[in-house]
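S.K.: this one's structure only:
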Ligand SMILES: NC(=O)CC[C@H](N)C(=O)O
């Protein structure tokens with residue numbers, strides 16, 4: 001597990017807990033000394049009390065539906081557009097600007113749209129086609145040690161819509177079935193990070209550290 005010296009103020013991180021793999025994120029975030037506390041976020045009141053947000057994997061359509069029906073969607077969208085946010089898998093889908101294919105809802109899926117990318121859902125097939133891929137991740141601590149990318153009914157980023165704003169953070173190192181080497185699986189745009197894989201399902205907290213440091217730096221710049 002990665003340990004780092006404190007440079008910035010500790011942050012309180014929320015994990016969207018409407019559905020999906022949120023507890024695993026909370027556990028890994030709580031291993032980091034940079035995090036004062038990681039908590040579940042389910043409504044507008046709770047989101048107002050965190051410095052940064054993680055949107056976990058799960059089912060993007062279900063999460064959107066719950067957020068909308070409970071009246072949480074506007075506060076969630078406002079947060080995503082103004083504060084550090086990281087989406088993993090279904091979270092990445094929700095953060096994208098456009099969904100091109102895959103799944104049942106296709107073009108009319110409700111999205112938070114913080115990342116100028118287009119997404120293909122379920123790009124690798126069904127749950128059975130889940131796999132683990134070693135990844136080089138830009139900015140990761142001890143980057144020579146590949147990150148274990150766990151892909152479960154994962155999306156891929158099929159197009160970057162704004163190449164000036166969006167930075168590629170990880171790509172597949174080889175072909176996986178029909179999905180070719182070089183396919184983009186993690187990106188960053190300003191205060192938003194997105195990954196197609198599930199770092200919360202590993203014992204490696206380096207992606208969480210990467211996000212938390214990114215959030216701390218971004219917050220420190222805003223406070224200046
Ligand atoms: N593991 C995941 O988060 C899968 C994402 C899911 N296929 C979706 O479309 O939302």
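M.R.: Cool, got the structure. Note that the structure is a prediction, hence the values are computed from the model and not measured.
S.K.: So what sits opposite the residue positioned nearest the centre of the chain in the bridge?
M.R.: Central residue of the chain (C-alpha atoms, centre = their mean): residue 87, 2.0 Å from the mean position. Assessed by DSSP bridges, residue 87 has beta-bridge partners residue 55, residue 194.
S.K.: what's the spacing between it and the ligand?
M.R.: 10 Å (C-beta to the nearest ligand atom, to the nearest Å). Quick note: C-beta positions are derived from backbone N, CA and C, even for glycine.
S.K.: for that residue, what are its contacts?
M.R.: By C-beta atoms under 8 Å, 6 or more residues apart in numbering, the contact set of residue 87 is 54-55, 93-95, 115, 192-195.
S.K.: Quick one, which of those are buried?
M.R.: The neighbour-count test (16 or more other C-beta atoms under 10 Å) marks 54-55, 93-95, 115, 192-195 as buried among the contacts of residue 87.
S.K.: what subset of those residues is also close to the ligand?
M.R.: residue 93 (C-beta under 6 Å from any ligand atom).
S.K.: Of the buried ones among the contacts of residue 87, which is the nearest to the ligand?
M.R.: Proximity of these to the ligand was ranked by C-beta to the nearest ligand atom; the top entry is residue 93 with 5.1 Å.
S.K.: Which pLDDT value goes with the closest one?
M.R.: pLDDT recorded at residue 93 is 97.
S.K.: That one should be in a strand, yeah?
M.R.: No - using DSSP: H, G, I helix; E, B strand; the rest coil, the assignment for residue 93 is helix, not a strand.
S.K.: wait, isn't it in contact with residue 120?
M.R.: No - applying C-beta atoms under 8 Å as the test, residue 93 and residue 120 come out as separate, 9.6 Å apart.
S.K.: any shared contact partners between these two?
M.R.: Joint contacts of residue 93 and residue 120 (C-beta under 8 Å, 6+ apart) are 99, 155.
S.K.: burial count for residue 113?
M.R.: Other residues within reach of residue 113, judged by other C-beta atoms under 10 Å, total 15.
S.K.: no wait, residue 9
M.R.: Residue 9 has 12 nearby residues by other C-beta under 10 Å.
S.K.: does residue 75 sit in a helix, a strand or a coil?
M.R.: Assignment for residue 75 (three-state DSSP): helix.
S.K.: And the contacts of residue 87, which is closest to residue 162?
M.R.: Taking C-beta to C-beta as the measure, residue 162 lies nearest residue 115 of these, at 9.1 Å.
S.K.: Who are the contact partners of the closest one?
M.R.: 87, 92, 95-97, 166, 187, 189, 192, 194.
S.K.: Is it possible to get a markdown table of those residues that adds distance to residue 48?
M.R.: A markdown table is the format used below for those (distance: C-beta to C-beta, whole Å):
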| residue | distance to residue 48 |
| --- | --- |
| 87 | 20 |
| 92 | 24 |
| 95 | 20 |
| 96 | 25 |
| 97 | 25 |
| 166 | 28 |
| 187 | 27 |
| 189 | 23 |
| 192 | 19 |
| 194 | 23 |
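S.K.: Tell me which two in the residues you listed are the farthest apart.
M.R.: It's 87 and 166 that sit farthest apart of those, by C-beta to C-beta, at 13.5 Å.
S.K.: For the protein, which residues are neighbours of the ligand?
M.R.: Residues of the chain lying near the ligand (C-beta under 6 Å from any ligand atom): 57-60, 89-90, 93, 103, 121-122, 152-153.
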